[in-house]
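Peer 1: just a sequence and a predicted model for now, questions to come.
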Amino acid sequence: MAGILQQSLRCTLSGGRSLFSTLTRDATRSWTLPGIAASRRNASASSKIQVEMDSSTGIAVVTMQSPPVNSLSLDVLTEFCISLEKLEMDRGCQGVILTSSLPKIFSAGLDITEMYGKSPEHCAEFWKAVQELWLKLYGSSMVTVAAVNGSSPAGGCLMATSCDYRIMADNPKYGIGLNETQLGIVAPFWFRDTMVNTVGNRVAELSLQLGLLYSAPDALRVGLVDQLVPEQEVLRTAKDTMAKWLAIPDHARQITKSMMRKPTIDKLLSHREADIANFVSFITKDSIQKSLKMYLEGLKKRKN
Ligand SMILES: CCCCCCC/C=C/C(=O)SCCNC(=O)CCNC(=O)[C@H](O)C(C)(C)COP(=O)(O)OP(=O)(O)OC[C@H]1O[C@@H](n2cnc3c(N)ncnc32)[C@H](O)[C@@H]1OP(=O)(O)O
């Protein structure tokens, strides 16, 4: 424990605020990244992540705005990562609220089309970006609150559970959970660890084996979310909650967060390459590609 604390202190005191990053902060105050990821990758120039920084409160609202379902494509992941990195390095930003601009959907999770029919190289690049976002969000030294204003399966649930606190819209039609087994795929160890750290081992095992998507009331019951409020109050409640968290002495809170999360983060950091290789070999298997194809077709059929 003493070792963890010492490491946390060094991490916190070294200037870079992320619990895993060694980045140092600069004085930039630019909050929107219109098309940065997109222009890098020569794709559409519209921004999929909107960042609104209120310098009077130190709170940034990060809004996913990637219709139709906020699926986490390589572009979205890249832009999200850059935005978080900039906020992490801004001394004026103390807390991040993560939400969605889409009615009824927080995030549909990883973009399945990035994992279906793609080359091993593409799959490796995609998975690296998924790892990177989780490391940045789970390892953020800022206070992070998820304002879950719609359904949040799989990777969407991972994003929410990577935050410090979850407020969900009180609507039984919205589902949240790690439903990977329903797609015939397996959530990796760091998805599992994030779930275990949130709801405990027994609920996590049931959730993961059965690929359970919990309705909002059930998610509250098992501790997957911390609070339910009427939909129109989700963001305001997140801001009120953030203000309470920011009233805690920041240094003590950051060290405590690091103490709780660092072992989980370190596990992925020390197995990153193996995790990528494992993902690529798994996802490119014919049987898994077949499962993804059937799942995608099922999604499309549901509409008709
Ligand atoms: C070692 C190996 C490790 C492997 C680990 C892999 C870990 C994977 C994690 C993941 O996150 S996988 C993704 C899991 N996500 C889901 O299962 C959600 C699927 N989507 C839905 O349930 C619904 O779409 C929704 C989110 C509840 C929204 O429903 P709604 O009725 O509003 O919209 P739809 O008509 O269903 O969808 C619109 C449009 O979007 C496409 N789409 C939906 N989800 C995804 C997605 N995750 N990726 C890509 N595309 C998605 C859907 O097919 C529709 O497309 P079109 O028919 O309009 O072309």
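Peer 2: All right, it came through fine. Here the structure is a predicted model, which is why all the values come from computation and not from measurement. Numbering: from 1, shown residues only.

Peer 1: residue contacts, the residue in the stretch 1-150 of the chain that the ligand sits nearest to?
Peer 2: When distances are taken as CB to the nearest ligand atom, the stretch 1-150 of the chain reaches nearest to the ligand at residue 109, 2.6 Å away. For every residue, glycine as well, the C-beta is placed using N, CA and C. By CB atoms under 8 Å, 6 or more residues apart in numbering, residue 109 lies in contact with 71, 72, 152, 153, 154, 155, 156, 157, 158.

Peer 1: tell me how far it lies from residue 267.
Peer 2: Distance from residue 109 to residue 267, counting by CB to CB, to the nearest Å: 22 Å.

Peer 1: sec struct for the closest residue to residue 178 other than its chain neighbours, please.
Peer 2: Nearest residue to residue 178 in three dimensions, chain neighbours excluded: residue 187, at 5.1 Å (CB to CB, 6 or more residues apart in numbering). Assigned by DSSP: H, G, I helix; E, B strand; the rest coil, the conformation of residue 187 is coil.

Peer 1: buried sites along stretch 285-302?
Peer 2: 288, 289, 291, 292 (16 or more other CB atoms under 10 Å).

Peer 1: so which of those residues are in helices?
Peer 2: Secondary structure from DSSP state H places 288, 289, 291, 292 of the buried residues of stretch 285-302 in helices.

Peer 1: could you check the pLDDT of residue 41?
Peer 2: We have a pLDDT of 38 for residue 41.

Peer 1: please begin residue numbering at 44 from this point
Peer 2: Noted, 44 is the first residue going forward, which turns the last one into residue 84.

Peer 1: cross-check the contact I'm expecting between residue 236 and residue 307.
Peer 2: Yes. Between residue 236 and residue 307 there is a contact at 4.8 Å, judged by CB atoms under 8 Å.

Peer 1: closest one of the ones in helices among the buried residues of stretch 328-345 to residue 162?
Peer 2: Sorting these by distance to residue 162 puts residue 332 at the head of the list, at 12.2 Å, by CB to CB.

Peer 1: contact partners for the closest one?
Peer 2: By CB under 8 Å, 6+ apart, the contact set of residue 332 is 159, 160, 326.

Peer 1: got a ChimeraX select line for the buried ones in these?
Peer 2: Filtering those down to the buried ones (16+ other CB under 10 Å) takes a single ChimeraX command:
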select :159,326
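
Peer 1: format the contacts of residue 332 as TSV; extra columns: secondary structure.
Peer 2: Below are the contacts of residue 332 laid out as TSV (three-state DSSP):
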residue	secondary structure
159	coil
160	coil
326	helix
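
Peer 1: near the ligand, list only the ones from the contacts of residue 332.
Peer 2: residue 326 (CB under 6 Å from any ligand atom).

Peer 1: tell me the one of the contacts of residue 332 nearest residue 344?
Peer 2: Of all those, residue 344 sits closest to residue 159, with 16.0 Å by CB to CB.

Peer 1: which stretch of helix or strand covers the closest residue to residue 303 other than its chain neighbours?
Peer 2: Computed as CB to CB, 6+ apart, the closest residue to residue 303 that is not its neighbour in sequence is residue 240, at 7.6 Å. Residue 240 is part of helix 232-242, with elements assigned from DSSP states H and E.

Peer 1: are that helix and the ligand in contact anywhere?
Peer 2: No. Remark: helix 232-242 sits outside contact range of the ligand, by CB under 6 Å from any ligand atom, the gap being at least 6.7 Å.
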